[in-house]
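Participant: One predicted model, sequence on top.
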Amino acid sequence: MRIYPAIDIRGGNAVRLFQGDYSKEKIYSINPVDVALKFKKAGAERLHVVDLDGALEGELVNKDLIKKIVSSSGLFVQVGGGVRSINRISEYLSAGASRVILGSAAVEDADFVREAVRFFGDKVAVGVDALGGKVAIGGWKKITDIDAYDFCVRLRDGGVRTVICTDISKDGALSGTNLQAYERLVQIKGLRIIASGGITYYEELEKLKEMGVRGAVLGKAIYDGAIDIGKAVEMCKDAR
């Protein structure tokens, strides 16, 4: 299982939100590139980078900063936030990103997802963010009536192979993640699940690994010291 330390960017800063609420932001660093390099030094092999401004506005607001993170770290970086066209996917991949995450656009335009997968294959993933089992879009500001599990099945049927699934109610709360949701999601054959949102304990990493989750995004738990990156990477190495 791969470990992905998260760097969420808003206003050029590395921040964490509480349950996706933009009004409940904590700034951890004014230099996200330094954060990326610190994560690498601590043992990270991969990064999960999100342009929060981009997710909200539908544009690549912090793209230059994200490109610098990619080039400076030299790590496997998956990037999301405001990616709503083939050109934007290509721009990030050309800059060295290893994978690009589609969010709201994947919910609103199924044809776009199919086109992206046809062009870029496994270098495209979809972020499925849910609250109460329903898919959220627009920087988590709008909750749709789309069932998150059913949506993941449709993504698989449309050619998507990797999905990053976040339970918004758990995100940033340091109260544990939704293990039951991931236990169900991993039953979707042909779909690689990356768990995100509220992972707080080493025991949760063990359980996610055992159930067959492909990756885990760690946010507040590593920023606040509940989980050590190096230890997490090491303990998950046997399930690659």
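Facilitator: Here it is on my side, so go on.
Participant: In stretch 175-190, which residues are buried?
Facilitator: 177-179, 181-183, 185-186, 188 (16 or more other Cβ atoms under 10 Å). Any C-beta I mention is one placed from the backbone N, CA and C, and that applies to glycine too.
Participant: ok, the residue nearest to residue 217 when sequence neighbours are not counted - how many residues close by?
Facilitator: Ranked by Cβ to Cβ, 6 or more residues apart in numbering and with sequence neighbours excluded, the top spatial neighbour of residue 217 is residue 196, at 3.7 Å. Residues lying near residue 196 (other Cβ atoms under 10 Å) number 26.
Participant: Was I right to think residue 196 contacts residue 214?
Facilitator: No - the pair formed by residue 196 and residue 214 falls short of the contact definition of Cβ atoms under 8 Å, at 11.7 Å.
Participant: just checking, what packs against the helix or strand hosting residue 136?
Facilitator: Using DSSP states H and E, residue 136 sits within strand 134-137. Secondary-structure packing of strand 134-137 (3 or more Cβ pairs under 8 Å, 6 or more residues apart in numbering; DSSP states H and E): helix 104-108, strand 124-131, strand 142-147, helix 148-157.
Participant: out of those, deepest packed?
Facilitator: strand 124-131 (a mean of 24; mean count of other Cβ atoms under 10 Å).
Participant: Go ahead and name everything in contact with it.
Facilitator: Residues from elsewhere that reach strand 124-131 (Cβ atoms under 8 Å, 6 or more residues apart in numbering): 20, 78, 80, 89, 99-103, 106, 113, 116-117, 135-137, 140, 143, 148, 151-152, 155, 160-169, 181, 194, 196.
Participant: Just want the angle from it to strand 142-147.
Facilitator: Strand 124-131 runs at 100 degrees relative to strand 142-147, counting by axes from the mean of the first three to the mean of the last three Cα atoms, to 10 degrees.
Participant: contacts for the strand holding residue 136?
Facilitator: Residues outside strand 134-137 that contact it (Cβ under 8 Å, 6+ apart) are 20, 103-104, 107-108, 128-130, 142-148, 151, 168.
Participant: Checking the nearest residue to residue 153 once chain neighbours are set aside next. Helix, strand or coil?
Facilitator: The shortest distance from residue 153 to any non-neighbouring residue, by Cβ to Cβ, 6+ apart, is to residue 188 (5.9 Å). For residue 188, the assignment made with DSSP: H, G, I helix; E, B strand; the rest coil gives coil.
Participant: wait, what's in contact with residue 188?
Facilitator: 149, 152-153, 156 are the contacts of residue 188 under Cβ under 8 Å, 6+ apart.
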